[in-house]
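J.: sequence unknown, structure follows:
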């Protein structure tokens, strides 16, 4: 299978565009509030970022297959989180614990029935490549921790040492950018790989850290794709997609500066102006 066909295969299986197009009762604002709540729950339960990303992916993919009532939307979110933690975490939260977070608005039987329905609708395909996966991948590519020949040419030993100190800072910022994008319906049209690629580049530019790859604005998106090993993908108009996603992320950050500067966890984030009120 060629690289392009394999990419399209994974996009078809795990990526949803405008997940709420068929939803009559769920709005983009409702999705934003639910995802923001899931992010807060993830922090309270000390779950991994991967679990949160996978939960949102499961929820969005289910929305493309089944109409959901507004009063059952929170149940869908918490059930998706339960499935994601079973896939990712060593120990998943107890069902009673999750139901308590919903103020016991739902029963154990309702959650278990919805869990079975989600698994059937998704055909048990749960191993989706998420923001967290690509964040780890692009971090290793950028810092030069991988030992392949292409990276040896791109990053020198001095560059690798220079990355050790600021790495945690810009990776944290990139993670926060990705986290904010999860709750904004604007980014439902981008694949996780594109969002993370733009978030990493944007985080480095904001922090003005030393970069191994060029940051020329005129050809920045093309060179960024090439530096991450996407030479073939860059020929299919990905430069424009990266530029558009980067601009959307900049707008998102401008509306959520408090979430980045404050040390407190935010249970809600603002939706960018480009987000539509309804699906």
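T.: Great, that's in hand. In this text, all values refer to a predicted model and were calculated from it rather than measured experimentally.
J.: now the helices for the stretch 101-250 of the chain?
T.: Secondary structure of the stretch 101-250 of the chain (DSSP state H, counting those that start in this stretch): helices at 108-121, 131-143, 149-154, 157-164, 167-182, 192-207, 220-227, 231-233, 239-255.
J.: Tell me where the model's unsure across the protein.
T.: Applying pLDDT under 70 to the chain picks out residues 1-14, 17-20, 142-168, 208-237, 259-279.
J.: Looks to me like residue 42 is in a helix.
T.: Yes: Residue 42 forms part of a helix when assessed by DSSP: H, G, I helix; E, B strand; the rest coil.
J.: For residue 120, see how far away it is.
T.: 25 Å (CB to CB, to the nearest Å). In short, each C-beta sits where N, CA and C put it, glycine included.
J.: Which of these two has more residues huddled nearby?
T.: Taking other CB atoms under 10 Å, residue 42 and residue 120 do not tie; residue 42 has more neighbours (22 against 10).
J.: these two touch, right, that one and residue 49?
T.: Yes: shown here, residue 42 and residue 49 form a contact pair, counting by CB atoms under 8 Å, at 7.5 Å.
J.: roughly how far apart are the closest residue to residue 41 other than its chain neighbours and residue 115?
T.: In space, and not counting its chain neighbours, residue 41 is closest to residue 101: 5.9 Å by CB to CB, 6 or more residues apart in numbering. According to CB to CB, residue 101 and residue 115 sit 16 Å apart.
J.: Okay, and residue 68 sits in which element?
T.: For residue 68, there is no helix or strand it lies in under DSSP states H and E.
J.: Residue 33: neighbour count?
T.: 19.
J.: can you start the count at 344 instead of 1 from here on
T.: Done: numbering now begins at 344, and the last item shifts to residue 376.
J.: between the helix or strand where it lies and helix 510-525, how many degrees?
T.: According to DSSP H and E, residue 376 maps onto helix 371-387. Computed by axes from the mean of the first three to the mean of the last three CA atoms, to 10 degrees, the angle separating helix 371-387 from helix 510-525 equals 140 degrees.
J.: What angle do helix 510-525 and the next helix or strand after helix 371-387 make with each other?
T.: Later in the chain than helix 371-387, the nearest helix or strand by DSSP H and E is helix 392-406. Orientation check (the same axes, to 10 degrees): helix 392-406 against helix 510-525 gives 20 degrees.
J.: Just want the angle from helix 392-406 to helix 535-550.
T.: Using the same axes, to 10 degrees: helix 392-406 against helix 535-550 is 140 degrees.
J.: Which strands or helices does helix 392-406 pack on?
T.: Applying 3 or more CB pairs under 8 Å, 6 or more residues apart in numbering; DSSP states H and E, one finds that helix 392-406 makes contact with helix 371-387, helix 416-431, helix 451-464, helix 474-486, helix 510-525.
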